[in-house]
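Novice: Here you go, sequence then predicted model.
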Amino acid sequence: MNSGIKYLISINGSISDYDVIAGKLSHYDKVISVDGGIRHLMALKISADVAIGDFDSLGNLKINQLPEKVEIIKYPENKDATDTELAVEYAINHDAVSITMIGFMGSRIDHSLSSIFLLSQIPKNITVQMINEKNTIYLAEKKITLSASKESYVSILPLTPIVKVKECEGLEYDLTGKTLYFGSSLSVSNRAIENFFTITIKSGKALILISED
């Protein structure tokens, strides 16, 4: 029986401290490089299995310099999806059970937000997280239990017009029974009071952000 594949996706955004990122990464089975995201994998000494994109952001690296074992999937520059969306679609269509993304924040806020909003398109049977040096982002649309250092900031940002919270445990400000609205700051900068917290979403989808100063 196929238990599914755990994917790591490296995007061509900014990473300033590779040691921190390496410390946050857990087990993965398959690695996808998104265009210039290959440079992050090289810095982390991680081998890519698949390289996806139009390859307009490789810098000094040429596409024919990628290791021979890497499956290269090249798209034209003019297309109807970002390279990151294409990489996520690849993972979904190839037995993903979890997806971890790094390098998702960069100088282009449109690309950064687009990458984050992609979480709303991922089926609920696939767990997903986005990691950078100070933040970890998860998608919640049912019950989710997450680990966090005490005093970490925890924010719940609705992706749908309305998010109804059924239960909330382990946070300083109890949101049990609350209705959250897209664009509201009500659920920003809560704090973890335990090493684990649980949020149960009754309806809607939300981003859960765990942040450190």
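Specialist: Looks like it came in fine.
Novice: Tell me where the protein has strands.
Specialist: In the chain, the strands defined using DSSP state E lie at 5-10, 30-34, 50-53, 71-74, 96-102, 127-131, 135-140, 143-147, 153-158, 162-169, 179-181, 190-191, 196-203, 206-211.
Novice: Turn those strands into JSON lines, including mean pLDDT.
Specialist: Shown next, in JSON lines, are the strands of the chain (pLDDT from 0 to 100):
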{"stretch": "strand 5-10", "mean pLDDT": "98"}
{"stretch": "strand 30-34", "mean pLDDT": "96"}
{"stretch": "strand 50-53", "mean pLDDT": "92"}
{"stretch": "strand 71-74", "mean pLDDT": "89"}
{"stretch": "strand 96-102", "mean pLDDT": "97"}
{"stretch": "strand 127-131", "mean pLDDT": "95"}
{"stretch": "strand 135-140", "mean pLDDT": "95"}
{"stretch": "strand 143-147", "mean pLDDT": "95"}
{"stretch": "strand 153-158", "mean pLDDT": "96"}
{"stretch": "strand 162-169", "mean pLDDT": "96"}
{"stretch": "strand 179-181", "mean pLDDT": "97"}
{"stretch": "strand 190-191", "mean pLDDT": "96"}
{"stretch": "strand 196-203", "mean pLDDT": "96"}
{"stretch": "strand 206-211", "mean pLDDT": "96"}
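Novice: With distance to Val88 added, can I get the ones you listed in a markdown table?
Specialist: C-betas here are computed from N, CA, C, even on glycine. What follows is these, written out as a markdown table (distance: least, CB to CB, whole Å):
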| stretch | distance to Val88 |
| --- | --- |
| strand 5-10 | 7 |
| strand 30-34 | 9 |
| strand 50-53 | 10 |
| strand 71-74 | 13 |
| strand 96-102 | 7 |
| strand 127-131 | 9 |
| strand 135-140 | 12 |
| strand 143-147 | 19 |
| strand 153-158 | 19 |
| strand 162-169 | 22 |
| strand 179-181 | 25 |
| strand 190-191 | 28 |
| strand 196-203 | 21 |
| strand 206-211 | 15 |
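Novice: Make JSON lines out of the ones you listed and add distance to Lys24 and mean neighbour count.
Specialist: Listed next are the strands of the chain as JSON lines, based on distance: least, CB to CB, whole Å; neighbours: other CB atoms under 10 Å:
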{"stretch": "strand 5-10", "distance to Lys24": "11", "mean neighbour count": "24"}
{"stretch": "strand 30-34", "distance to Lys24": "15", "mean neighbour count": "25"}
{"stretch": "strand 50-53", "distance to Lys24": "22", "mean neighbour count": "25"}
{"stretch": "strand 71-74", "distance to Lys24": "26", "mean neighbour count": "13"}
{"stretch": "strand 96-102", "distance to Lys24": "9", "mean neighbour count": "22"}
{"stretch": "strand 127-131", "distance to Lys24": "5", "mean neighbour count": "20"}
{"stretch": "strand 135-140", "distance to Lys24": "7", "mean neighbour count": "20"}
{"stretch": "strand 143-147", "distance to Lys24": "11", "mean neighbour count": "14"}
{"stretch": "strand 153-158", "distance to Lys24": "16", "mean neighbour count": "20"}
{"stretch": "strand 162-169", "distance to Lys24": "24", "mean neighbour count": "18"}
{"stretch": "strand 179-181", "distance to Lys24": "27", "mean neighbour count": "16"}
{"stretch": "strand 190-191", "distance to Lys24": "20", "mean neighbour count": "18"}
{"stretch": "strand 196-203", "distance to Lys24": "17", "mean neighbour count": "17"}
{"stretch": "strand 206-211", "distance to Lys24": "11", "mean neighbour count": "20"}
